[in-house]
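> output the structure for:
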Amino acid sequence: MVVASKLLRKIKSAIVILKFLVENQSRFSKFLLASGLSTSAAFILYRLCLKYTRYTKNSPKCEPLTKKKVNPALNKQFFRELTYLCKIMFPNLFSKQSFLLFIHTLTLICRTFLSIYVAKLEGLLVRNIVQKNFIMFAKKLIQWLLIAIPATTCNSLIRYLESKLDLELKTQLVKRSHRFYFDKRVYYKIALKQSDECQVDQNLTEDIDKLTNLFVHLYSSLTKPLLDIILITATLIGLAKSKNVNYVVPSLMALVVIVLTGMLIRKISPKFGKMAADVAKQKGYLRFLYGRIQTNSEEIAFYSGEKTESNLVNDNFKLLKKKLELVHNNKFWYIIVEQFLLKYVWSAAGLSMISMPLLLSDKYSPKNQIKVEDEAVEISQRTEEFTMAKNLLSSGADAVERIMTSYKELTELTGFTRRVYEMFKLFENESQNSDIPIEIDSVMEPRIKLAPEDDDQTKSGVVYESDNLKSIIVENISVQTPNGEVIVPSLSLKIDHGMNLLITGPNGCGKSSLFRILSGLWTLKSGIIHRPKLKDMFYVPQRPYLAIGTLRDQIIYPDRVEDMVQKGIRDTDLMNIMEIVNLSNVVTREGGLDAISDWKDVLSGGEKQRLGLSRIFYHKPKFAFLDECTSAISIDVEGKIYHTAINDYKITLLTIAHRYTLWQYHNFILQFDGVGKWKFEELNNNLDNRLNLKQEKDKLEKILLTVPSSKERLEELCNILGESSIALE
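Now for the predicted structure:
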């Protein structure tokens, strides 16, 4: 209470001193004193806000731990990233996007001139009202209504051009991103390293959309205000010169106020760019979790994992909520200071600027020299000039305010620019880093070297493709995963057309990895591969991919109907293929080849696998890689498919399978032991012996599996009878 009373007494003393200073002073002195006090108050407010900002920066924040990274900000890196994206959005000077930007700029200039003309017209309307000149007032009013037609048209055209330019820029970014994304299987390489830092679906949709929206909006919010400031300032200076009024002091006052408020807003502005990027990233991850639940809904339902998945989603939503609350809390106090400075401080400065010539006009026009008639004319003229100056200055203040308030949106733009830029750089790097050097030779036969060599080609890894090659030749290749884990140090073999190969071994021994390397999905770290073109090799996974579209689209995938017609294949040929894989009933059940459905949910597991196998009969490749793709198919249908593919279509099959019933369809076997060693041998010579050994192995496994239960029963019987057994000793 004592401190409060002392503070109150000091405030009262300051008011008394201020009152004493103001009394008996001229108008000009009062004006200078008010200006000095306003400047001092603004400076004190600046220091207080700066101190608060430093305190908030040093205070701990509830943010998740992330990798140390340069936060998005208005710096050289941002302008470098924005320049890179602008080269994509505006391909050249004569592009459609550049033309729209040029028309948009012209429209903004026209709107500025219309604003100045309307301000002058409003001044004339007020002058005629003061003079009670009804005829001139009616003429100016009609003129004002007529000028409203092009003004409203111009406003609507600005919004239309903004939307049009936004759409065109978005189209350019999406086209360029799709070109990279689907080039050289970049989508697959990115999927292998999918993580929290790599949210391509979020980048391709929401981030690009917000980037172009902010870019176009900021262009309008910055270009038109700058034009308004330049033209309105020139008009006001010309008006002051015509009336012999000193315009230097008001101009300096405006400059000081703008500079001080601009510095203050920049200093106290939170890092909205980093906040926007964090929120977008968290939204993308939350969307990924929802999509993951939808994709694996059946497995989650079988395990009753609703509680675990719900906790995971709720925890991430709480994290998103914290980040959004951080944004809202920072915006709350920032908008308070921003509105105070840009509305009230600027309004006070503007009123002082336009009223100073009128308040001090008695020095230049003494009342004793003015007649009554002239005084009325002067009053109306002053009213006109004051109204026009007020409207122009108000428009100029609005323009500067839009520039100042755009700083927050500009910082948000830095966040989305960083995310989209990093996405493009990721696409470019994956596209430029050609994993396997491929040399195409359509004439020469490959030189076969199955002995290990230490040449540079073997160390770096080279793939030779040939149109007339009817073999797959592997020379000293190292089977490695994309993260560098070596599964098989060295593998050499030759598979000629007609050599149906069975590949066996424990899980994780390199069976599917070999298929991925032969197909070019994984990097060939070392060795040489000779293979036909990729169109002559076809891969069928255990879970076939079912595209969006008709039943016909599922059979001919990845071809389109146009490709099918170009190849001369008709629907009757597709029906024959469906007969081979025993899916004719599915065609009838679903309503024909033109039926559209969610095939992933409509078809059973066995039907999906048979539909996947139908594609090898459509594409007719030289080699087919079958990766346990018959595990859900009955043995009789499986035998029919294999027999037709080998004997009728002359397709060489490379099969990964555990069913010994498939051995009869293969004449070579490649066995991996799971520790990096392998064995390649002919299967026909000892097929019967292998089948017998397989059956004996299965029989012994069944017997050994019953040993623990039999031993427990024997112990129980011995306890009941009170006897012992030699089998338990």
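> the bottom helix or strand of the protein by mean pLDDT?
helix 27-58 (a mean of 47; mean pLDDT, DSSP states H and E).
> right, and the helix or strand after that one?
Using DSSP states H and E, the next helix or strand after helix 27-58 towards the C-terminus is helix 76-89.
> show me where pLDDT drops low in the stretch 451-600 of the chain?
451-460 (pLDDT under 70).
> helices along that one, start to end?
Taking DSSP state H, counting those that start in this stretch as the criterion, the stretch 451-600 of the chain carries its helices at 456-460, 511-518, 551-556, 561-566, 571-580, 584-590, 599-602.
> could those go into a markdown table alongside mean neighbour count and distance to residue 544?
Backbone N, C-alpha and C define where each C-beta goes, glycine included. Compiled in a markdown table, those are given as follows (neighbours: other C-beta atoms under 10 Å; distance: least, C-beta to C-beta, whole Å):
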| stretch | mean neighbour count | distance to residue 544 |
| --- | --- | --- |
| helix 456-460 | 14 | 34 |
| helix 511-518 | 22 | 14 |
| helix 551-556 | 22 | 9 |
| helix 561-566 | 12 | 18 |
| helix 571-580 | 16 | 14 |
| helix 584-590 | 14 | 14 |
| helix 599-602 | 15 | 10 |
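> as TSV, those with distance to residue 277 would be great.
Putting the helices of the stretch 451-600 of the chain into TSV (distance: least, C-beta to C-beta, whole Å) gives the following:
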stretch	distance to residue 277
helix 456-460	39
helix 511-518	34
helix 551-556	39
helix 561-566	42
helix 571-580	49
helix 584-590	46
helix 599-602	34
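> between those, which one is closest to residue 336.
Of all those, it is helix 599-602 that lies closest to residue 336, at 53.1 Å by C-beta to C-beta.
> next one: the nearest residue to residue 473 once chain neighbours are set aside from residue 471, what distance?
Leaving out its chain neighbours, the residue that sits closest to residue 473 by C-beta to C-beta, 6 or more residues apart in numbering is residue 530, at 3.9 Å. Remark: distance between residue 530 and residue 471 (C-beta to C-beta, to the nearest Å) = 7 Å.
> cool, and residue 638?
27 Å.
> out of these two, which sits in the busier spot?
Regarding residue 638 and residue 471, a neighbour count based on other C-beta atoms under 10 Å identifies residue 638 as having more, with 23 against 20.
> and that one, what is it in contact with?
Residue 638 makes contact with 630, 659, 661-662, according to C-beta atoms under 8 Å, 6 or more residues apart in numbering.
> let's see it at 7 Å
Residues counted as contacts of residue 638 (C-beta atoms under 7 Å, 6 or more residues apart in numbering) are residue 630.
> neighbours of the residue nearest to residue 473, how many?
21.
> just the C-alpha atoms of stretch 602-616, please, in CSV.
Extracted in CSV, the C-alpha atoms of stretch 602-616 (Å, rounded to 0.1, in the frame of the first residue of the first chain):
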residue,chain,number,x,y,z
VAL,A,602,-14.3,-57.7,-52.0
LEU,A,603,-11.9,-60.5,-53.0
SER,A,604,-10.7,-63.3,-50.7
GLY,A,605,-7.0,-64.0,-50.1
GLY,A,606,-6.8,-66.8,-52.6
GLU,A,607,-8.7,-64.7,-55.2
LYS,A,608,-6.3,-61.8,-54.8
GLN,A,609,-3.3,-64.1,-55.4
ARG,A,610,-4.9,-65.7,-58.5
LEU,A,611,-5.7,-62.2,-59.8
GLY,A,612,-2.1,-61.2,-59.3
LEU,A,613,-0.9,-64.3,-61.2
SER,A,614,-3.3,-63.5,-64.1
ARG,A,615,-1.0,-60.6,-64.9
ILE,A,616,1.8,-62.8,-66.0
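> and that stretch, which residues are buried?
Going by neighbour count (16 or more other C-beta atoms under 10 Å), the buried part of stretch 602-616 is 603, 606-616.
> may I see the residues you listed arranged in CSV, with distance to residue 491 and secondary structure as well?
What follows is the buried residues of stretch 602-616, written out as CSV (distance: C-beta to C-beta, whole Å; DSSP: H, G, I helix; E, B strand; the rest coil):
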residue, distance to residue 491, secondary structure
603, 36, coil
606, 33, helix
607, 35, helix
608, 31, helix
609, 28, helix
610, 31, helix
611, 32, helix
612, 27, helix
613, 27, helix
614, 31, helix
615, 28, helix
616, 25, helix
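> just name the closest of the residues you listed to residue 566, please.
Residue 566 lies nearest to residue 615 out of those, by C-beta to C-beta, at 17.2 Å.
> my read: that closest one touches residue 557, true?
Yes: proximity of residue 615 to residue 557 meets the contact threshold set by C-beta atoms under 7 Å, at 6.4 Å.
> for the helices of the stretch 451-600 of the chain, which one sits closest to residue 541?
Of all the helices of the stretch 451-600 of the chain, helix 511-518 sits nearest to residue 541, with 8.5 Å by C-beta to C-beta.
> shaky segments in the stretch 601-729 of the chain?
Looking at the stretch 601-729 of the chain by pLDDT under 70, you get 684-707, 709, 714, 717-718, 720-729.
> okay, now the residue nearest to residue 524 when sequence neighbours are not counted: neighbour count?
Closest residue to residue 524 apart from its sequence neighbours, by C-beta to C-beta, 6+ apart: residue 461 at 3.7 Å. Using other C-beta under 10 Å, residue 461 has 20 other residues around it.
> how about residue 82?
19.
> same question, residue 504
Using other C-beta under 10 Å, residue 504 is surrounded by 17 other residues.
> thought it was touching residue 674?
No: with contact defined as C-beta under 7 Å, residue 504 does not reach residue 674; the gap is 10.8 Å.
> next one: the closest residue to residue 561 other than its chain neighbours from residue 614, what distance?
Closest residue to residue 561 apart from its sequence neighbours, by C-beta to C-beta, 6+ apart: residue 552 at 7.0 Å. Counting by C-beta to C-beta, the separation of residue 552 from residue 614 is 11 Å.
> residue 132 now?
As judged by C-beta to C-beta, residue 132 and residue 614 stand 92 Å apart.
> secondary structure element holding residue 670?
Residue 670 is part of strand 668-672 when elements are defined by DSSP H and E.
> can I get the CA coordinates of that strand in PDB?
Extracted C-alpha coordinates of strand 668-672, given in PDB (Å, rounded to 0.1, in the frame of the first residue of the first chain):
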ATOM      1  CA  PHE A 668      17.000 -76.000 -60.500                       C
ATOM      2  CA  ILE A 669      17.200 -75.000 -56.900                       C
ATOM      3  CA  LEU A 670      19.000 -72.200 -55.100                       C
ATOM      4  CA  GLN A 671      19.300 -72.800 -51.400                       C
ATOM      5  CA  PHE A 672      20.300 -70.100 -48.800                       C
END
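> mind listing the strands that strand pairs with, and their directions?
Strand 668-672 pairs in its sheet with strand 501-504 (parallel), strand 678-682 (antiparallel), by DSSP bridges.
> using TSV, lay out the ones you listed together with distance to residue 577.
Putting these into TSV (distance: least, C-beta to C-beta, whole Å) gives the following:
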stretch	distance to residue 577
strand 501-504	24
strand 678-682	32
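> out of these, deepest packed?
The highest mean neighbour count among the strands paired with strand 668-672, using mean count of other C-beta atoms under 10 Å, belongs to strand 501-504: a mean of 21.
> what sits up against that strand?
495, 511, 654-657, 662-663, 666, 668-671, 683.
> now swap in stretch 204-222 and tell me
Here stretch 204-222 makes contact (C-beta under 7 Å, 6+ apart) with 108, 158, 162, 165-166, 169-170, 173-174, 177, 280, 402-403, 406, 409-410, 412-413, 416-417, 419-420.
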